[in-house]
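Participant: need coordinates for the below:
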Amino acid sequence: MSDTSLNIKKEQLIKEINYHDQLYWEKNSPEISDENYDNLVKQLRDIDPHHKLVEKINTPKLKNSKKIKHETPMLSLDKAYTTNELLEWCKKRARDENEKFLIEPKLDGWAAKYINKKLITRGDGFIGDDITSKIPLIAVKSLNYEGPLKDYNECMIGEILLSNHMFNTLNTNYKTSRSALQGILGRDNLLYDFECLDFISYDYISKNTMQFELKQFDEIDWEQAFDYFKKLDWAVDGIVIKLKDKKYSESLGCTGHHPRGQIALKSENPKGYSIVKNIEFFVGKGNTITPVAIVEPVEILGHTIQKASLHNYKELKRLDVHIGDTVTIERCGEIIPQIKKCEPGKDRKKVIIENCPVCNSDVKEEGFFLYCINKNCPGSLSKRLADSCKRIGIENIGPAIVDNLVDLGIKYFYEIFEMDKQFISKISNFKQKSIDNLYNEIQKIKTNPIEDWKILASLNISNIGRSMSKKLLKKNDIYELINMELGQLENLENIGPERSILLYEGLRNNDNLDYFLDNFEIVDSKNDEKEIKICFTGKMDKPRSYYQNLAESKGLTFVKTITKDLNVLVAADVNSNSLKLIKAKKLGIKIISTDQFLKI
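Facilitator: This is a model prediction of the structure:
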């Protein structure tokens, strides 16, 4: 491969690794399995062994936490996904066939260190987050002590976890104990007033140990080993294999990422097998064309799966998925179904896409993605218009109506505000009441003062949503923003080089923005620090995102946690004994029902 090709591949790998890091560690919403992620890192290592992403130790992101440097680095573990990979590692480390290895459970928690009465997360291995404030929530399990962490006076390194029985007892809204742990530790304030978490020392974990010699490797039932450790009361996502001779293990030293004397064998995600019935393509806001496999129904962990993600066009080609193939489907993180492997079927049919599935324009392949070359593609346009309507506060226009408007010739967001009743009457299945409601809603928005951040958010500039629009216009009014040069935008807080380019281009020669500036009375958000925070709890009639979007469209700030500065808690059942309600009552926060919220 030429140097140019290697550099292109390297940049693509860096882009994809950073993308998946953000999804997993910041948004708690992974798209691919750990194995597929580690394969990306391995490919980057082959090209650039010393790149910072190869040696990077990832960790959950905590806001507003104090950073503390570790005196001794807290490293991660190297990983293997097959017993063949593990055997090669054992052979490389063994001095002879009698070399002894230990097998221990790999607990799926937060690695942390307790020293001088401070509790510090592993962080990037060199600098961690100070979570000393969470000590009242934590009990210790070590070889020489079991009890509250606040009463423990020694140093300790281990894993912070939420046990399975405690996870079931707390009855949170989180899908897994791992995500609940992240939610509890990521809060600004303490959610509970008792020790609901365990801090387990690595020595204590080592009590649950198996042993083998290299010559016995083929005799080990690895599935049985996984099953044995999964009976523990904590989340287990693999097993750790380490040299028994600790002195020899330490003599091997470490890389910048992991010790050489131990490795993790990762357990597999829950999986099922099905046959591909079809592959459908969808056009996103950025004109990206995304493949989704339609499969024969298969049940995985009690969920019936009929669609599976292929993420992007590159993944479709890499797996070589055809209609009629048998595919292995995994629930990544027990939530997102994705295709992991593909076995050719007898009468397989190749999937060919030469034109956009919506507008029939030509398509182009670029990096990981496939794009429609038509900048005005109705598929992309519909999604952009639907988002704009939602962001500016038009509630009576959903995706189906937007599709219809695009068919009727609407190309720009501002044209929606120019629709009269005669034009609205052309929308399919619209009767007089619907016509009047939509027209009146548009006129209400058009004739009343509107916050400048809503206008900026509705322009659908990539990476400039509601929250970012509010931040940008707290210190600069929209006219100042428009007149800024690229360098000035780049220096704004939370912007950076890439986002500044998107913002700079998005604000110039923008027909929608020109229309709003000419026809709307705009409320300046500059220096307006007043903010109304709202939170939701309980199972509601519609998806939580519906209520969140509605609140934000009205200028409220949606938050996930109960803190003293919360203004309103909306509860599906105001009489329930949920932890959020209990805490809100203690703090004197206003509590209203879903119906009351909708009426407001």
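
Participant: got the domain ranges for the protein?
Facilitator: For the chain, whose domains are defined here by automatic domain parsing, the residue ranges read 3-55, 67-266, 271-372, 378-521, 533-599.

Participant: can I get those in a markdown table including mean pLDDT and mean neighbour count?
Facilitator: No exception for glycine: its C-beta is placed from N, CA and C like everyone else's. Compiled in a markdown table, these are given as follows (pLDDT from 0 to 100; neighbours: other CB atoms under 10 Å):
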| stretch | mean pLDDT | mean neighbour count |
| --- | --- | --- |
| domain 3-55 | 72 | 15 |
| domain 67-266 | 86 | 17 |
| domain 271-372 | 84 | 17 |
| domain 378-521 | 86 | 17 |
| domain 533-599 | 83 | 16 |
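
Participant: how much space between the residue nearest to residue 343 when sequence neighbours are not counted and residue 312?
Facilitator: For residue 343, the nearest residue in space outside its immediate sequence neighbours is residue 326; the separation is 4.4 Å by CB to CB, 6 or more residues apart in numbering. From residue 326 across to residue 312, the span is 22 Å (CB to CB, to the nearest Å).

Participant: the strands in the stretch 501-600 of the chain, which residues?
Facilitator: Across the stretch 501-600 of the chain, reading from the start of the chain, the strands by DSSP state E, counting those that start in this stretch fall at 522-523, 533-537, 557-558, 568-571, 590-593.

Participant: who's in contact with the second one?
Facilitator: Contact partners of strand 533-537, identified using CB atoms under 8 Å, 6 or more residues apart in numbering, comprise 173, 544, 547-548, 551, 556-562, 565-572, 578, 580-581.

Participant: how far is that strand from where the chain is centred?
Facilitator: A distance of 20 Å separates the C-alpha centroid of strand 533-537 from that of its chain, computed with CA atoms, centre = their mean, to the nearest Å.

Participant: parallel or antiparallel, list what pairs with it.
Facilitator: Strand 533-537 pairs in its sheet with strand 557-558 (parallel), strand 568-571 (parallel), by DSSP bridges.

Participant: now the first one
Facilitator: Within its sheet, and counting by DSSP bridges, strand 522-523 is paired with strand 450-451 (parallel).

Participant: ok, residues contacting the helix or strand that comes right after the partner strand?
Facilitator: Later in the chain than strand 450-451, the nearest helix or strand by DSSP states H and E is helix 452-458. Identification of contacts with helix 452-458 by CB under 8 Å, 6+ apart yields 387-389, 391-393, 413, 464-466, 469-470, 472-473, 477-478, 481, 512-513, 516, 520, 522-525, 553, 555.

Participant: could you redo the last one with a cut-off of 7 Å?
Facilitator: The set of residues that contact helix 452-458 without belonging to it, under CB atoms under 7 Å, 6 or more residues apart in numbering, is 388, 391-393, 413, 464-466, 469-470, 472-473, 477-478, 516, 522-525.

Participant: please apply the same query to stretch 39-52.
Facilitator: Residues contacting stretch 39-52 (CB under 7 Å, 6+ apart): 6, 9, 10, 13, 14, 16, 17, 53, 54.

Participant: I figured residue 106 hits residue 241, correct?
Facilitator: No: no contact is recorded between residue 106 and residue 241 when judged using CB atoms under 7 Å, the distance being 9.6 Å.

Participant: quick check: phi and psi at the closest residue to residue 350 other than its chain neighbours.
Facilitator: The spatially closest residue to residue 350, leaving aside those adjacent along the chain, is residue 322, at 5.4 Å (CB to CB, 6+ apart). Summarising the backbone geometry of residue 322 under the convention degrees, to the nearest 10, its torsions are phi -120, psi 160.

Participant: try the one 4 residues further on
Facilitator: For residue 326, the backbone dihedrals (degrees, to the nearest 10) come out as phi -90, psi 130.

Participant: what residues are bridge-paired with it?
Facilitator: Listed by DSSP bridges, the beta-bridge partners for residue 326 are residue 275, residue 343.

Participant: which SSE is immediately downstream of the helix ranked longest in the chain?
Facilitator: Among the elements of the chain assigned as helix by DSSP state H, the one spanning the most residues is helix 3-21. Once helix 3-21 ends, the next helix or strand along the chain (criterion: DSSP H and E) is helix 34-47.

Participant: thanks again, I'm all set now.
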